[in-house]
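Asker: One predicted model, sequence on top.
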Amino acid sequence: MRLRPRHLRARLTLWYVSVLAALLIFAWVGTCALLFFQMRNQIDSFSIQEIETVEGLFFFAPDGRLQLREDYHNHPQSKEVIDRFLEVLSPGGAVLLRNAKLRGQSLGGGPFRGEGVGGYSERSDRLPDGTRVRLVSRVHSLDGRPLLIRLAHSQEPLFSRLRELSAASLVVLPLVLGIAGFAGYGLARRALSPIEEMARRAQEITPDRLDARLPNENSEDELGQLARVFNHTLARLEKAFEQLRRFTSDASHELRTPLAMIRSVGEVGLQRDGTREEYRDMVGSMLEEVNRLTSLIDNLLTISRADSGHIHLHPAVIPVMDLAREATGLFEILMEEKSQRLVLEGDERAQVEGDRLFMRQAFVNIVHNAVKYSPVGETILVRVRNGDNRVIVEIQDHGPGIPFEDQTRVFDRFYRVDKARWRESGGAGLGLSIAKWAVEAHGGAITLNSEPNEGCLFRITLPAVRPLEPVG
Ligand code: ADP
């Protein structure tokens, strides 16, 4: 059986009513206890006063019996004494006097050790007929004979007052709890209604409607904060979806072009008979497109694995000059064909820590661009500097440069400054974005300085690793 209410407002009300009930019961019990003990103390102090009064009224009759003075009715306070239970015992327990109100019953039985000696002894007791009494005793000496005076008040009125109070509470408490529960439920309902509205609106948000936002009536309160955080998440989600959509459409677009080339070369080849040489050329240009496709797919894979966080870096200490030599070495033939010259200079001790494969990829992509976009006969400069806990690698060319308005966007995926140049240079606009990702994944940064027709200067900054000091 499910006892937990389904709705939060019902659960809140239940909690609220339970806590209120516990507090009211606690307050009620506390009040009753306080009242009871206060009244009992009051009774005790009345009893003490009355014992003091009655002490002066005792006398021994000529026959030796203990008696109360006849004129005690003239004493206004002593008049009350007859309304109390009064008993006087000898220290041995013999009853010397018992007033009429006791109707022959014993008040508290035989004396106990030290009862009423040197002060007043207070206790609660029951008469044989069941009446609950509060009893005060005191030893008094009359004509040299010790008397144990016991005076008691009935506690029954006190208990009946408590019973009345309990009965009243049994009616009032459920009434108060009912009203509080009703009001609490209304309040909880009202306070939670914006959440219901949010849930309704959130339910309407689908991948096609990621531009929808939750209502935010008061951005200062908790619900406003919730809406703000949720809207913030939605905005990020929308951006991520948009990026993904753009990436997918750009990727398919980029893949379509080489495929269309392969297809058209193939179709042309099938339409007419050619010489062996012509077929070789066709197969050659098809393979060129296949190579392009392969490198494009490799790049796409790297990007999507980087996005999903599935790339595990294998860090190692890398001498940066070695890496730069390795990366630039790949373009020796290409540079020779373009009569370009490479100047590689810098600090041989510069070291960084990182995944050699991805660091190399970053260097290769930037150097490749420098070679690709620099005109024939130009010089490409690669400089490695070490210092201030950082290693700086600069790759400078004297090509056409990148216009100022494109400089921040060249690191975006599929972004090419001159779209028409694509076929001849062979890039899909992914090289720099991969380089940026690789550098940033190693705690570094990459910047670009370029003036039109002055060439580009790419600067990679990475945290340095200190070379080991030679031993001895
Ligand atoms: P791609 O593979 O097209 O070269 P990149 O991401 O490497 O893609 O570069 C993006 C764009 O930035 C290139 O298409 C090119 O227009 C421009 N670019 C990059 N490097 C250079 C450079 N050294 N000189 C001139 N333009 C460059």
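Answerer: Now that the structure is in, tell me what you want to look at. Residues are numbered from 1 along each chain as shown.

Asker: Ramachandran coordinates for the spatially most central residue of the chain?
Answerer: The centroid of the chain falls nearest to Leu226 when counting by C-alpha atoms, centre = their mean (12.3 Å). Backbone geometry at Leu226, expressed as degrees, to the nearest 10, gives phi -60, psi -50.

Asker: neighbours of the nearest residue to it once chain neighbours are set aside, just the number please.
Answerer: Using C-beta to C-beta, 6 or more residues apart in numbering and skipping the chain neighbours, the partner closest in space to Leu226 is Met198 (7.4 Å). In this view, the C-beta of every residue, glycine as well, is placed from N, C-alpha and C. Number of residues near Met198 (other C-beta atoms under 10 Å) recorded here: 17.

Asker: List the contacts of Met198.
Answerer: By C-beta atoms under 8 Å, 6 or more residues apart in numbering, Met198 lies in contact with Leu214, Pro215, Leu223, Leu226, Ala227, Phe230.

Asker: run the last query once more with 10 Å
Answerer: Applying C-beta atoms under 10 Å, 6 or more residues apart in numbering to Met198 gives the contacts Leu214, Pro215, Asn216, Leu223, Leu226, Ala227, Phe230.

Asker: Return the residues of the protein in contact with the ligand.
Answerer: Within the chain, the positions near the ligand by C-beta under 6 Å from any ligand atom are 365, 369-370, 373, 397, 399-400, 402, 410, 415-418, 427-433, 456.

Asker: now with 5 Å?
Answerer: Contacts of the chain with the ligand, taken as C-beta under 5 Å from any ligand atom, map to 369-370, 373, 399, 402, 410, 416-417, 427, 429, 431-432, 456.

Asker: Which of the residues you listed scores worst on pLDDT?
Answerer: The lowest pLDDT within the residues of the chain next to the ligand belongs to Gly427, with 76.

Asker: which SS class is that one?
Answerer: coil (DSSP: H, G, I helix; E, B strand; the rest coil).

Asker: Same check on Asn386?
Answerer: Going by three-state DSSP: Asn386 is strand.

Asker: Quick check: it touching Thr461?
Answerer: No - judged on C-beta atoms under 10 Å, Asn386 makes no contact with Thr461 at a distance of 11.5 Å.

Asker: picking up where we left off before, phi and psi next, for the residue nearest to Leu226.
Answerer: According to degrees, to the nearest 10, Met198 has phi -60, psi -40.

Asker: returning to what we had before: including secondary structure and neighbour count, could the residues of the chain next to the ligand go into JSON lines?
Answerer: Below are the residues of the chain next to the ligand laid out as JSON lines (DSSP: H, G, I helix; E, B strand; the rest coil; neighbours: other C-beta atoms under 10 Å):
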{"residue": "Asn369", "secondary structure": "helix", "neighbour count": "22"}
{"residue": "Ala370", "secondary structure": "helix", "neighbour count": "27"}
{"residue": "Tyr373", "secondary structure": "helix", "neighbour count": "21"}
{"residue": "Gly399", "secondary structure": "coil", "neighbour count": "20"}
{"residue": "Ile402", "secondary structure": "coil", "neighbour count": "22"}
{"residue": "Val410", "secondary structure": "helix", "neighbour count": "21"}
{"residue": "Arg416", "secondary structure": "coil", "neighbour count": "18"}
{"residue": "Val417", "secondary structure": "coil", "neighbour count": "16"}
{"residue": "Gly427", "secondary structure": "coil", "neighbour count": "21"}
{"residue": "Gly429", "secondary structure": "coil", "neighbour count": "19"}
{"residue": "Gly431", "secondary structure": "helix", "neighbour count": "21"}
{"residue": "Leu432", "secondary structure": "helix", "neighbour count": "24"}
{"residue": "Cys456", "secondary structure": "strand", "neighbour count": "23"}
